[in-house]
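What follows is a predicted protein model with its sequence.
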Amino acid sequence: MHFPDGPGEARVTAQALREYFGAAGSRDGLLEAYRANFRAIHAVAQQKAVRNGHVGVTVETSDLKDWEVRGAAGVD
């Protein structure tokens with residue numbers, strides 16, 4: 001995906017897709033959850049990359065919960 005510093009890898013864990021978005025455990029269920037929620041996942045990945053100073057990030061359940069608490073604006 002594209003980050004402010006250029007393109008880089010971003011991943012989301014299957015556990016995050018199941019726990020946070022309620023995905024079924026099947027491959028199709030995980031893909032469906034990603035597709036339905038990719039904007040939130042990408043927003044969290046971009047904020048995490050900016051915070052950590054690198055573009056290769058993995059979005060986990062805790063990142064999504066933290067993003068929800070702070071709000072989509074990423075206010076610390």
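All right, it came through fine. Numbers count the residues shown, from 1 in each chain.

packing partners for the helix or strand hosting residue 51?
Element membership for residue 51 (DSSP states H and E) is helix 27-52. Applying 3 or more CB pairs under 8 Å, 6 or more residues apart in numbering; DSSP states H and E, we find helix 27-52 packed against strand 2-3, strand 10-12, helix 14-21, strand 57-59, helix 61-70. Where you see a C-beta, it was placed from the backbone N, CA and C, and this is true even at glycine.

closest to residue 38 out of these?
With CB to CB as the measure, strand 10-12 is the member of the helices and strands packed on helix 27-52 nearest residue 38 (8.8 Å).

Leaving out chain neighbours, which residue sits closest to residue 63?
With sequence-adjacent residues excluded and distances taken as CB to CB, 6 or more residues apart in numbering, residue 63 is closest to residue 44, at 5.2 Å.

Pull up the pairing partners for the helix or strand of the chain with the lowest mean pLDDT, direction included.
Lowest on mean pLDDT, DSSP states H and E among the helices and strands of the chain sits strand 2-3, with a mean of 81. Strand 2-3 has its sheet partners listed here by DSSP bridges as strand 6-7 (antiparallel).
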